[in-house]
Structures are given as C-alpha cells and as structure tokens.
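Colleague: just the structure for this:
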Amino acid sequence: MFRSIRFRLTVWYVVLLALTLAAFSGGVYFALRQNLYGNLQDTVDTRAQTLTGVLTFRGDLPVLTQSDAPTDPQGEQFARVFDKSGNVVYDNSTGVTVPIDQASVTRALSGSTVRDSVQSSDEVLQTVTQPIQHNAQVVGAIQVGVSEGDVR
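Modeller: Numbers count the residues shown, from 1 in each chain. The predicted structure follows:
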C-alpha cells in the first residue's frame, strides 16, 4: 500500500502544498510586521514634529505645557523636553517609568536625530530624540515615545 504510486504522489503533493503555504504565510507575516513598525515610526515622527511645532520659548528655553502634550493615562506615549544643558524641563511620562538615555539626549543636543527602543516599567516604546532649534541654533531636545504594544 505504501509503495503505490497514488500514495507517493499524494505524499509529495501534501509536502509541496505545506511548504508553499508555510513560505507564503511567512512572507505575509514579515511584510505585515515591517509595515506595522514603519507606521509606528511614522506616528512617533509625526508626534515629535507636532510637539516641536507648538513649542514656545522663554529666551532660549523651550517650553511645552500640559495642554500641548497631556499625560496619557494608559502610559502608551510620552513626551520630554530638555534644555541645552540636557536637563528635563517638561516630562509627561507620569505613571510610567521611562528611563532617560543620556547618550541619546547628548547626540540630539549636538544636532542628530536618534531613534531607539526603550523598556518602560511594563512596555517597550519606540522613541525619537531630536534637536530643538531656535534662531538657527540648537537650544534643546525633544524626546517622544509611543508604545509598541499594538504592533507586537
């Protein structure tokens, strides 16, 4: 029975079909994953640009208010503003412990944009830290983070 041509062809058909379906499923999974992470990064970038646009300045000190960037009660996003010395002047990450990566802040204060993943107290957040310019010079940095929870 196991030597019949019908049985062997059926086994080959099943194996080829299984491999084809596995390859297709893997391709769809990885394409969707890339798309979701790309959209998440776009969300982080857009939020950073929006908050940078509503910043006000007291001299060279960047100011962001609670009404501009309210605290997220679920802790899925946060915003921080640093002055040119690297000191936090605004932080709405209340309720969630998000560590400050001083190296990212230093690089942003030197004019670079830094993208990273940060582990908070209970979530992984995608972050962007970028320089704040006023009168053609860097006067601070803004850091924005959004949870990866919906992507994972």
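
Colleague: low-scoring stretches of the protein, by residue?
Modeller: Low-confidence segments of the chain, defined by pLDDT under 70, are located at 1-2, 95.

Colleague: residue boundaries of the strands in it?
Modeller: Using DSSP state E, the strands of the chain run over 56-58, 61-63, 77-83, 88-91, 114-119, 124-134, 137-147.

Colleague: in CSV: the ones you listed, plus distance to T20 and mean neighbour count.
Modeller: No exception for glycine: its C-beta is placed from N, CA and C like everyone else's. Below are those laid out as CSV (distance: least, Cβ to Cβ, whole Å; neighbours: other Cβ atoms under 10 Å):
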stretch, distance to T20, mean neighbour count
strand 56-58, 58, 10
strand 61-63, 55, 17
strand 77-83, 41, 23
strand 88-91, 51, 16
strand 114-119, 34, 14
strand 124-134, 34, 20
strand 137-147, 36, 23
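
Colleague: among those strands, which is nearest A48?
Modeller: strand 137-147 (4.3 Å; Cβ to Cβ).

Colleague: sheet-wise, list the partners of that closest one with their directions.
Modeller: Paired strands of strand 137-147, with direction, are strand 77-83 (antiparallel), strand 124-134 (antiparallel) (DSSP bridges).

Colleague: what's the angle from the last one to strand 114-119?
Modeller: Think strand 124-134. 140 degrees (axes from the mean of the first three to the mean of the last three Cα atoms, to 10 degrees).

Colleague: just to revisit the earlier point, how about the strands paired with strand 137-147 in a markdown table, adding distance to R33?
Modeller: A markdown table is the format used below for the strands paired with strand 137-147 (distance: least, Cβ to Cβ, whole Å):
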| stretch | distance to R33 |
| --- | --- |
| strand 77-83 | 21 |
| strand 124-134 | 14 |
